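J.: starting from these lines, generate the structure:
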Amino acid sequence: MTVLDGIEVELRPGARKLLTVRQTREYHAHVTLWVLDGETWLARSETDGRIGMGGLAHPTQRLERTMATPTGTYRLLHSFGTHRRRRAWKLGYRRIGPGDYWVGDNSSPHYNRWRSKREGGFRTRLGEEQPNASERLADYAVAYEYAMVIDFNYDEQVRKRGFAIFLHVEGERGTGGCVAVPRDFMKSLMSELVAEDRPLIAIGR
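T.: Here you go, the predicted structure:
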């Protein structure tokens, strides 16, 4: 186990870049980008960020609608946003369309996955505050202008544990469970993080 900025990081084979997210108070956090230089992790840049309005929660104890950010180390799987893909974005990128959702329907086999309304397989008529409602990604154009998928509950898809946990552009307050950073910092990460570096994000206090 490696400790960076007070956070225990569970390193993965081949990882050469990572973000640490250390809760400082309530929904505020200190976010640092680290780069592996030989056998030493060097801090490249840092910023203030935001976590969930519900603070932090152990990943196995987190529940939907608690607005808590899960602790632990996760892969950053791929990026998405509102812009056309740029050549420098090499983590994998998908542009948001008007009919694209992140599925929160617990009865759907596509829970915690990107899915279009045209593809179906989940309920789209549920109101935002109703159980099993999914996120229409275009409704979050500011936050999701630049975003990356954190692999929390992505492979297991445990129902009611949580969906749509991302790294994205911050707003004025805490998030619903995501990690958020200033727009310029997030924009720089789009070019900084590439698939070959197997980037990680480690969240704790």
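
J.: tell me the buried residues in stretch 50-65?
T.: 50, 51, 52, 53, 54, 55, 56, 57, 59, 62, 64 (16 or more other C-beta atoms under 10 Å). Heads up, the C-betas are built off the backbone N, CA and C, glycines and all.

J.: in the chain, mark out all the helices, start to finish.
T.: Secondary structure of the chain (DSSP state H): helices at 183-192.

J.: point out where it drops to low pLDDT.
T.: For the chain, applying pLDDT under 70 flags no range at all.

J.: quick one: residues contacting the residue minimising distance to the centre of the chain.
T.: By C-alpha atoms, centre = their mean, the chain has its centre lying nearest to residue 166, at 1.9 Å. Residue 166 makes contacts with 144, 147, 148, 149, 150, 178, 179, as judged by C-beta atoms under 8 Å, 6 or more residues apart in numbering.

J.: thinking again about what came up before, tell me the one of the buried residues of stretch 50-65 nearest residue 29?
T.: residue 51 (5.0 Å; C-beta to C-beta).

J.: so what's the residue count around residue 9?
T.: The tally of other residues near residue 9 (other C-beta atoms under 10 Å) stands at 23.

J.: make that residue 83, sorry
T.: Neighbours of residue 83 under the rule other C-beta under 10 Å: 14.

J.: distance of it from residue 190?
T.: According to C-beta to C-beta, to the nearest Å, residue 83 and residue 190 sit 9 Å apart.
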